[in-house]
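Novice: When you get a sec, could you give me coordinates for this:
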Amino acid sequence: MTDYLRVVYDEGSHPYTDYPSKLVSYLYQSFGLKPGLKILEPGCGRGEFLLNFKKMGLDCVGVDLSKEAKKFLATQEIPVHLCNADQDKLPFKDNTFDVIYNKSFLEHLQNPDFFLKEARRVLKPGGILICLVPDWESNYKIYFDDFTHRT
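Specialist: Just a heads-up that it's a prediction; the model follows:
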């Protein structure tokens, strides 16, 4: 679904919060990131994380399936490349990025191995790959322990 940003992540159901800035600050400190590092975010969506990495001084680039993502970041001078990371080669030369970051992305791929091989190709030697996925225990508590989700 290439229009998922408009349909699934509209501002009414998914309002903007300070969560991205807090997470980016935590990751920046935890991984010893520095201004000037080149970072790629596949599945960048509305660009909330990239905007915060940019505030920290990183050179940001996004990749997304949706044309809408380009619109979100166009005024921020953060380039977004259209790409289906499940099947298309990432549109970058080998050893381009110091950091590749994604959150809630891998679990949506049909072929995550393909993406991970591509990520390794475009990541510089010694680069950092940060992949955040939902944890099973939290989901279990929501869908199995929470009586409001029982039918």
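Novice: Going by C-alpha atoms from here, please, whenever you check contacts or count neighbours.
Specialist: Fine.
Novice: can you tell me the helix or strand for the residue nearest the centre of the chain?
Specialist: Taking CA atoms, centre = their mean, the centroid of the chain lies closest to Asn102, which sits 3.4 Å from it. Asn102 belongs to strand 97-103 when assigned by DSSP states H and E.
Novice: Which neighbouring elements make contact with that strand?
Specialist: Secondary-structure packing of strand 97-103 (3 or more CA pairs under 8 Å, 6 or more residues apart in numbering; DSSP states H and E): strand 38-42, strand 123-132.
Novice: okay, the angle between the last one and strand 38-42?
Specialist: Comparing the axes of strand 123-132 and strand 38-42 via axes from the mean of the first three to the mean of the last three CA atoms, to 10 degrees yields an angle of 50 degrees.
Novice: So for strand 123-132, what gets flagged as buried?
Specialist: Neighbour counts using 16 or more other CA atoms under 10 Å place Leu123, Lys124, Gly127, Ile128, Leu129 of strand 123-132 among the buried residues.
Novice: Put the alpha carbons of that strand into PDB.
Specialist: Output in PDB follows, covering the C-alpha atoms of strand 123-132 (Å, rounded to 0.1, in the frame of the first residue of the first chain):
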ATOM      1  CA  LEU A 123      26.800   0.600   5.000                       C
ATOM      2  CA  LYS A 124      30.500   1.600   5.400                       C
ATOM      3  CA  PRO A 125      32.900  -0.900   7.000                       C
ATOM      4  CA  GLY A 126      32.500  -0.400  10.700                       C
ATOM      5  CA  GLY A 127      29.200   1.300  10.200                       C
ATOM      6  CA  ILE A 128      26.200   1.000  12.600                       C
ATOM      7  CA  LEU A 129      22.900  -0.800  11.800                       C
ATOM      8  CA  ILE A 130      20.200   0.100  14.300                       C
ATOM      9  CA  CYS A 131      17.000  -2.000  13.800                       C
ATOM     10  CA  LEU A 132      14.200  -1.600  16.300                       C
END
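Novice: So which residues make contact with that strand?
Specialist: 94-106, 119 (CA atoms under 8 Å, 6 or more residues apart in numbering).
Novice: Could you rerun that using 6 Å?
Specialist: Strand 123-132 has contacts (CA atoms under 6 Å, 6 or more residues apart in numbering) with Asn95, Thr96, Phe97, Asp98, Val99, Ile100, Tyr101, Asn102, Lys103.
Novice: roughly how far out does that strand sit from the chain middle?
Specialist: Counting by CA atoms, centre = their mean, to the nearest Å, strand 123-132 is centred 13 Å from the centre of its parent chain.
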